[in-house]
Every structure is written in structure tokens, then in C-alpha cells.
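*Asks:* Kindly generate the corresponding structure for this input.
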Amino acid sequence: MSPRFVTYLRVSTKRQGQSGLGLEAQRAACAKYIAGVGGDLPPLSEFMEVESGKKSTRPELRRALDLCRVTGSVLVIAKLDRLARNAAFLLSLRDSGVDFVAADMPQANRLLVGIMALVAEQEREMISERTRAALAAAKARGVKLGGDRGGRASQAAQAAGTAARRAKADAFSARLAPHVKAAQDEGCTSLRQIAGYFEERGIVTPTGRSVWTPRAIANLLHRVSVQA
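*Replies:* A predicted model of the protein is given here:
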């Protein structure tokens, strides 16, 4: 008998939840996965949460996990990154005792989720460290922080934001460096070939998209080469 499934959908803002923006795409991805593995029954239940990705307290997810436990169902989500970029939360999911699968990364197991959690925590720490460094440098130049005090404060805020974005991009490229090498080892020499390699394996872009452009690959290769 095929397993039963419980689906979990999440959007980041109340406005998205009211409009349905993003929900239909997630629902379609879950349905496609279930059909692909021979699921002959509709999901036992669907849970939808409007929540910030930075928070790990999600009552609807807890309800979904509880239902999975008592029914032996598999939890299905559309995108793994929609669960959280919080290490403690991902580790709690790993240790929940519930079988789960992400439609965009069905090969992900508890070990991989644990590794992703640790990488997410390191990424968050790198962003925080670089932001603090940028703010400290601005303060050393005499910029008053903590509010809108004119052009210099604005420049400091921009510098901090740039540092945070750079740290996030660096962490992402470091995480994908082994996959770049694997693609090259398999004979992928052009940007388009590497893009196809990533798409075939469900590797998503920094914005969570499943389609890679040659320009995105070029930017990734540049960051990987600088970090090497």
C-alpha cells in the first residue's frame, strides 16, 4: 500500500497568504511529487502557514508533524528553503521522527538536512559578523548610528547592507563549490552545461529558483575562484 501524505505550504507575509501568491505553485509541486511516486490518494491533509522564514515557532507545521506521527504519513513540502534558514529549526525537523520530503530536492535525507542546518547557522554568523564590522568601521569614521542622521548615517547603513549581502553570497558560493567541481569532473565545460547539471540535480539558485542562467553560473564561478 502506498504511503499517505500530508502537505505543508508556507508564505512569508500575510498579504501573500490572502492573495494566494505562491501557494498554487507550492501545491502543484507537492501534487506532482506525490503523483510521481505513485500516490493514488489525495493528501490526507494540507496545512498552510503565513509566517516569517526567520521564525522557528510555527503552529501549523507542528500540527502537520503531529498528524504525520499518528497516521504514519510522509510530510511533503514544495521547497526545502521554505522551512527555515535557522539551524535549530532544521535540526528539530530532522529529529522529529517524521519522514519528510521536499519536492524540489527529494534526495534530501536527515543527514543532508543536518548539514544544511549547520551551513545555515554559519551563513547567519558570517552575515552578522560582517555587518558588525561594517558598523564598527562606520563608527570609527565618526558616523553616528542608530537613526537617520543625514548622509553619513545613510552611507553607513548602505555599507552594512552591502557587507551583509556579500557575506550571504560568499556563503552560498562556498556551499556550491563542491557541486561546481563535480560538474566539471563530469565534463561540463560551458556555463550552459553546468547550468543543466545543476537543474537536473535540483540545485536551486540563491533566490530559490530551479532554473540557472549562464550569467548566474558565471557569477558563481567567479566567487568560487576568488574564494579558492
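
*Asks:* per the record, what domains does the chain have?
*Replies:* 5-108, 111-227 (automatic domain parsing).

*Asks:* centre of the chain versus the last one, how much separation?
*Replies:* The offset between the C-alpha centroid of domain 111-227 and the centroid of the whole chain comes to 12 Å, using CA atoms, centre = their mean, to the nearest Å.

*Asks:* pLDDT on it, on average?
*Replies:* Mean per-residue pLDDT for domain 111-227: 78.

*Asks:* now stretch 30-47
*Replies:* 86.

*Asks:* Any buried residues in that stretch, and which?
*Replies:* In terms of neighbour count (16 or more other CB atoms under 10 Å), stretch 30-47 has its buried residues at 30-31, 33-34, 39, 43-47. Glycine gets a C-beta too; all of them are placed from N, C-alpha and C.

*Asks:* tell me the secondary structure for the spatially most distant residue from the centre of the chain?
*Replies:* Note on the chain: the largest C-alpha distance from the chain mean falls to residue 142, namely 37.2 Å (CA atoms, centre = their mean). Recorded secondary structure, residue 142: coil (DSSP: H, G, I helix; E, B strand; the rest coil).

*Asks:* Look up how far residue 40 lies from it.
*Replies:* 69 Å (CB to CB, to the nearest Å).

*Asks:* quick one, helices of the protein?
*Replies:* Secondary structure of the chain (DSSP state H): helices located at 14-19, 23-36, 59-71, 87-94, 110-140, 151-185, 191-200, 214-227.

*Asks:* For the third one, name the packing helices and strands.
*Replies:* Same thing as helix 59-71. Helix 59-71 is packed against strand 5-11, strand 45-50, strand 74-77, with contacts defined by 3 or more CB pairs under 8 Å, 6 or more residues apart in numbering; DSSP states H and E.

*Asks:* Residues touching that helix, excluding its own?
*Replies:* Applying CB atoms under 8 Å, 6 or more residues apart in numbering, the contact partners of helix 59-71 are 4, 6, 8, 10, 44-45, 47-49, 51, 73-75, 83, 96-100.

*Asks:* rerun that using 10 Å as the cut-off
*Replies:* When contacts are defined by CB atoms under 10 Å, 6 or more residues apart in numbering, helix 59-71 is touched by residues 3-10, 44-51, 58, 73-77, 83-84, 89, 92-93, 96-100.

*Asks:* and what of the second one?
*Replies:* Counting by CB under 10 Å, 6+ apart, the neighbours of helix 23-36 from elsewhere in the structure are 2-11, 16-17, 20, 39-43, 46, 48, 50, 74, 76-79, 82, 101-104, 106, 210.

*Asks:* Taking strand 5-11 as reference, get the angle to that helix.
*Replies:* Interaxial angle of helix 23-36 relative to strand 5-11 (axes from the mean of the first three to the mean of the last three CA atoms, to 10 degrees): 160 degrees.

*Asks:* what does the longest one give?
*Replies:* Direction vectors for helix 151-185 and strand 5-11, defined by the same axes, to 10 degrees, enclose an angle of 150 degrees.

*Asks:* Now do helix 151-185 and helix 214-227, the angle between them.
*Replies:* Going by the same axes, to 10 degrees, helix 151-185 is angled at 100 degrees with respect to helix 214-227.
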